[in-house]
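In: Return a 3D structure for these sequence lines:
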Amino acid sequence: MPSPSDLDALAQQRTRRALIGTVVIIVILVAVVALLLSSSNADPAPSPSAGASTAAAPTRPSPATPSTAGGYVAPQRWTTLPDSAHLLQRTYRVGFPHTPQGAAAAASATFQSVWHLAPSQAARAVQVYFAPADRAAFRAHAITNAKWMRQQIGLPADGELPPDASVAVQVTGVQWRTLDSDNVYVSVNMKLDLLAGVGAPLHTLPAASTAHLRWHPGARGGDWLVVQTRADEMPQPEQAEVGTTAFNSAGWLAIRPGG
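Out: Now for the predicted structure:
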């Protein structure tokens, strides 16, 4: 999973590298979410027309809405996401509090880990963050998704990755709906930075997805895991750029530094 230093490096590279066009962004983004979090009954297929998700709502990219000419709109609502209690395999943040904020932190960690250019790493993240009954189906989709993303940025579907090739997921906002103390629908507002390697253009994709987090007392001494739920049963907020009126209108909570 990309580290905070990776995110900083990618952010610096953004000013030096060309971004892909809006149409291509939309095509890739719809496929990324649909493929990774699609129904276990659907055959994995790297296509923008893949079936609807059952573990997270389909992502719908939308342009930022400026409030004033060149103006910045401060977020109206904020939250602090708790730290994880453990770092599993030196990579995966796990062991979040049994609170809605803990579920939101677990969902954020899930998206930051499962989207990976290495199929083996994507599959390993599924083992960590998804409920046991759902892992087999999502593992297959995660592997297919990783290979497809590689092809979209000019890499072969299989084989070793070039140095510095990565997907960095920047979580910019969250919101949740609490069903009960053990079940929370968590929506995550994100940006995905895809990099094929040194000297390659940086591809930045907007995303917003919803996952059903369920508390599993037997997992790592108690932790949140993603379970399958029909997408049409969960909230589907619009993705929005932080610092815009659209971000506030969509109901996103900005994340306080350090959370």
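In: which residues of the stretch 101-250 of the chain fall in helices?
Out: In the stretch 101-250 of the chain, the helices defined using DSSP state H, counting those that start in this stretch lie at 119-129, 135-152, 245-249.
In: Could you identify the helix or strand that succeeds the lowest-mean-pLDDT helix or strand in the chain?
Out: Least confident helix or strand, the chain: helix 22-36 with a mean of 36, by mean pLDDT, DSSP states H and E. Counting by DSSP states H and E, the next helix or strand C-terminal to helix 22-36 is strand 78-79.
In: what mean pLDDT does whatever helix or strand comes next after that next one have?
Out: Per DSSP H and E, the first helix or strand lying C-terminal to strand 78-79 is strand 86-88. The pLDDT scores in strand 86-88 average 96.
In: just checking, what packs against strand 86-88?
Out: Contacts defined by 3 or more C-beta pairs under 8 Å, 6 or more residues apart in numbering; DSSP states H and E place strand 86-88 against strand 92-94. Heads up, the C-betas are built off the backbone N, CA and C, glycines and all.
In: Distance from the strand it packs on to the middle of the chain?
Out: Strand 92-94 sits 15 Å away from the centroid of its parent chain (C-alpha atoms, centre = their mean, to the nearest Å).
In: Could I get the contacting residues of the spatially most central residue of the chain?
Out: The chain has residue 111 as the residue nearest its centroid, 3.2 Å off, counting by C-alpha atoms, centre = their mean. Contact analysis of residue 111 by C-beta atoms under 8 Å, 6 or more residues apart in numbering lists 169, 171, 188, 190, 209, 211.
In: Apply 6 Å and report the result again.
Out: Neighbour list for residue 111: 169, 188 [criterion: C-beta atoms under 6 Å, 6 or more residues apart in numbering].
In: Let me know the pLDDT of it.
Out: As summarised for this prediction, residue 111 has a pLDDT of 94.
In: roughly how far apart are it and residue 215?
Out: According to C-beta to C-beta, to the nearest Å, residue 111 and residue 215 sit 19 Å apart.
In: Kindly report the same for residue 187.
Out: With C-beta to C-beta as the criterion, residue 187 and residue 215 are 18 Å apart.
In: Please identify which of the two sits among more neighbours.
Out: residue 187 (27 against 20; other C-beta atoms under 10 Å).
In: Name whatever forms a beta bridge with the more buried one.
Out: Beta-bridge pairing of residue 187 under DSSP bridges involves residue 175, residue 210.
In: Any figure for the gap between it and residue 207?
Out: 11 Å.
In: Residue 184 too?
Out: Distance from residue 184 to residue 207, by C-beta to C-beta: 20 Å.
In: repeat for residue 217
Out: Using C-beta to C-beta, residue 217 is found at 31 Å from residue 207.
In: ok, now residue 85?
Out: 27 Å.
In: These two: which is more packed in?
Out: Set residue 85 next to residue 207 and count neighbours by other C-beta under 10 Å: residue 207 wins out with 23 against 15.
In: Pretty sure the more buried one sits against residue 191.
Out: No - look at residue 207 against residue 191 with C-beta atoms under 6 Å: they stay out of range, at 7.2 Å.
In: Any idea which of the helices of the stretch 101-250 of the chain gets closest to residue 233?
Out: Residue 233 lies closest to helix 135-152 among these, at 17.7 Å (C-beta to C-beta).
In: Give me the contacts around stretch 122-137.
Out: 40, 92, 110, 113-114, 116, 138-139, 142-143, 146, 225-228.
In: Quick check on those: which are buried?
Out: Among the contacts of stretch 122-137, those buried by neighbour count (16 or more other C-beta atoms under 10 Å) are 92, 110, 113-114, 116, 138-139, 142-143, 146, 225-228.
In: Looking at these, which two lie furthest apart in space?
Out: Going by C-beta to C-beta, the pair spanning the buried ones among the contacts of stretch 122-137 furthest: 146 and 227, at 21.8 Å.
In: Including distance to residue 246, could the buried ones among the contacts of stretch 122-137 go into a markdown table?
Out: Listed next are these as a markdown table, based on distance: C-beta to C-beta, whole Å:
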| residue | distance to residue 246 |
| --- | --- |
| 92 | 32 |
| 110 | 24 |
| 113 | 27 |
| 114 | 26 |
| 116 | 29 |
| 138 | 30 |
| 139 | 35 |
| 142 | 30 |
| 143 | 34 |
| 146 | 30 |
| 225 | 31 |
| 226 | 27 |
| 227 | 30 |
| 228 | 30 |
